[in-house]
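[1] Show me how the following folds:
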Amino acid sequence: MFRTLNALILREVRYREADRILTVLTEQGGKQTVTAHGALSRRSKMAAATQQLTYAELTVFEKNNRLSVREGSVKEAFAGLRKDIRKLALGSYFAECLETFAAEDQPEPELLQLGLNCLYALSEDLCPEEKIKLAFELRLAAATGYAPETDQCPVCGRTDIVEPVFLADEGRVVCRACRQARRAFPLEGGMLLAMRQVLQAPPKKILRFQLSPEEIRALGVLAEQWLLRCAGKSIPTLQYYREL
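    This is a model prediction of the structure:
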């Protein structure tokens, strides 16, 4: 049976001499594994459509619960990523995070949209890298059931949280006076409002918050540490990005 997938290529692995094994993210089928036979051959017409960090329309054939690509065309290549090694490394980190959190064979429209929006913003230089990264991390955590609690202090109940701090082991924002845990990130300036913007805004507006470069760096540390805690493991591509 033939069907069409609009897929973001999260991972590509060479198989045999000319084949690729792809991990893709689709709106209806979530994370799926697809084989692209002959994609690495010189005459292949689907080489570009089966590259990592490409959004493609794939015509696949399903047999015995296995998918193989018969045709492919590029919908968005994110060309800017391939001109800058730092952007490419950060895009690869986004892809690995999506692969880590996405469910197999389950609809994942929010994750797909998040990945596409952030890769496009990165490719087109719409925002600083650190801003895109922290927004991606916080929104990914929220989309997969790990949204930090930011609406009110769970200890005293105040919605106008006084000198807010983020409890890194609990995923909650509390008043500084209510803090009991040792690991806490102070949320200075507009950082709490920025967190709420990322977590609650419509998908295309999560990057519209305004922070100073120093506040972006501080909130970026928080977002990264929280996502890694939610993942329960290290993300190898993150270390590579850091080294660059």
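[2] Could you look up the SS state of the most centrally placed residue in the chain?
    In the chain, the residue lying closest to the centroid (Cα atoms, centre = their mean) is residue 94, at 4.1 Å. Here residue 94 is helix, with the state taken from DSSP: H, G, I helix; E, B strand; the rest coil.
[3] That one touches residue 136, doesn't it?
    Yes. With contact defined as Cβ atoms under 8 Å, residue 94 counts as touching residue 136 (5.9 Å). Any C-beta I mention is one placed from the backbone N, CA and C, and that applies to glycine too.
[4] which residues touch residue 70?
    Contact analysis of residue 70 by Cβ atoms under 8 Å, 6 or more residues apart in numbering lists 2, 59-61.
[5] Of those residues, which qualify as buried by neighbour count?
    Buried members of those, counted by 16 or more other Cβ atoms under 10 Å: residue 60.
[6] Where is pLDDT lowest across the contacts of residue 70?
    Within these, pLDDT reaches its minimum at residue 2, with 86.
[7] Please report the distance of residue 230 from residue 224.
    Counting by Cβ to Cβ, to the nearest Å, the separation of residue 230 from residue 224 is 11 Å.
[8] Repeat that for residue 234.
    11 Å.
[9] same thing with residue 156?
    28 Å.
[10] domain assignment for this structure?
    Listed by automatic domain parsing, the domain ranges of the chain are 2-76, 83-243.
[11] any idea which strand is longest in the chain?
    As assigned by DSSP state E, the longest strand anywhere in the chain is strand 2-15.
[12] partners of that strand, with directions?
    Strand 2-15 pairs in its sheet with strand 19-26 (antiparallel), strand 55-63 (antiparallel), by DSSP bridges.
[13] So for residue 47, which of the ones you listed sits nearest?
    strand 19-26 (8.8 Å; Cβ to Cβ).
[14] Give the next helix or strand downstream of the closest one.
    strand 30-36 (DSSP states H and E).
[15] Kindly indicate which of the contacts of residue 70 lies nearest residue 108.
    residue 60 (17.1 Å).
[16] does residue 225 sit in a helix, a strand or a coil?
    helix.
[17] From residue 128, how far off is it?
    19 Å.
[18] What of residue 139?
    Taken as Cβ to Cβ, the span from residue 139 to residue 128 is 17 Å.
[19] Then residue 32?
    33 Å.
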